[in-house]
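Chemist: Next come a sequence and a model predicted from it.
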Amino acid sequence: MAPEAPPTVIVKPRRERVLVVLHSDGWVEVYARRNVDVRIVNRLHVTGGDAMTAHILDALVECELPKCYRWLYYPRRLRDVGQVRRITPEQKLVAVEDAGLVRDVVQAWKETQ
């Protein structure tokens, strides 16, 4: 009788988390563990471009990337998108109040006193 093969164990790769903070003045901060390499690239700004212009701009970005990053610059690898927007303290306060977060934070603070 042949010995049984050991069971196959499937280990899911650990998902690394990366936080990107966009400042309203264009400054970008990227937070991640030390083992995460980050590259920030500026794509040229062209007003009124068509699909061909966008394709050319994408090709320029790809050409500027070091080879080790080129495989990432592919549509299916895009994980999220966002915009830099100016948000005033007043706008943030309204948004926080609307979400009921102020009430929850005050209640949590009172419970610690």
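Modeler: Great, that's in hand.

Chemist: Tell me the helix or strand right after the longest helix along the chain.
Modeler: Across the chain, the longest stretch assigned as helix under DSSP state H is helix 51-64. Counting by DSSP states H and E, the next helix or strand C-terminal to helix 51-64 is helix 67-70.

Chemist: going on from that following helix, what's the next piece of helix or strand?
Modeler: helix 89-98.

Chemist: what's in contact with the following helix or strand past that next one?
Modeler: Sequence order places helix 101-112 as the next helix or strand after helix 89-98, per DSSP H and E. Residues from elsewhere that reach helix 101-112 (CB atoms under 8 Å, 6 or more residues apart in numbering): Val96. Where C-beta positions appear, they are placed from N, C-alpha and C, glycine not excepted.

Chemist: Repeat that for stretch 72-92.
Modeler: Contact partners of stretch 72-92, identified using CB under 8 Å, 6+ apart, comprise Val20, Leu22, His23, Ser24, Gly26, Asp58, Val61, Glu62, Leu65, Trp71.

Chemist: Can you lay out those as TSV showing distance to Arg34, pLDDT and neighbour count?
Modeler: Output for the contacts of stretch 72-92, formatted as TSV (distance: CB to CB, whole Å; pLDDT from 0 to 100; neighbours: other CB atoms under 10 Å):
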residue	distance to Arg34	pLDDT	neighbour count
Val20	17	92	13
Leu22	22	90	13
His23	23	90	10
Ser24	28	87	10
Gly26	26	87	8
Asp58	30	92	13
Val61	26	93	15
Glu62	27	93	13
Leu65	22	92	14
Trp71	22	93	9
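
Chemist: List just the nearest of the residues you listed to Leu93.
Modeler: Closest to Leu93 out of those is Ser24 (16.2 Å), distances taken as CB to CB.

Chemist: measure the closest one to Tyr69 for me?
Modeler: Going from Ser24 to Tyr69 by CB to CB, to the nearest Å gives 27 Å.

Chemist: Now do the same for the residue lying closest to Trp71 once chain neighbours are set aside: its pLDDT.
Modeler: Distances taken as CB to CB, 6 or more residues apart in numbering place Arg77 nearest to Trp71, at 7.9 Å, with adjacent residues excluded. Per-residue confidence (pLDDT) for Arg77: 92.
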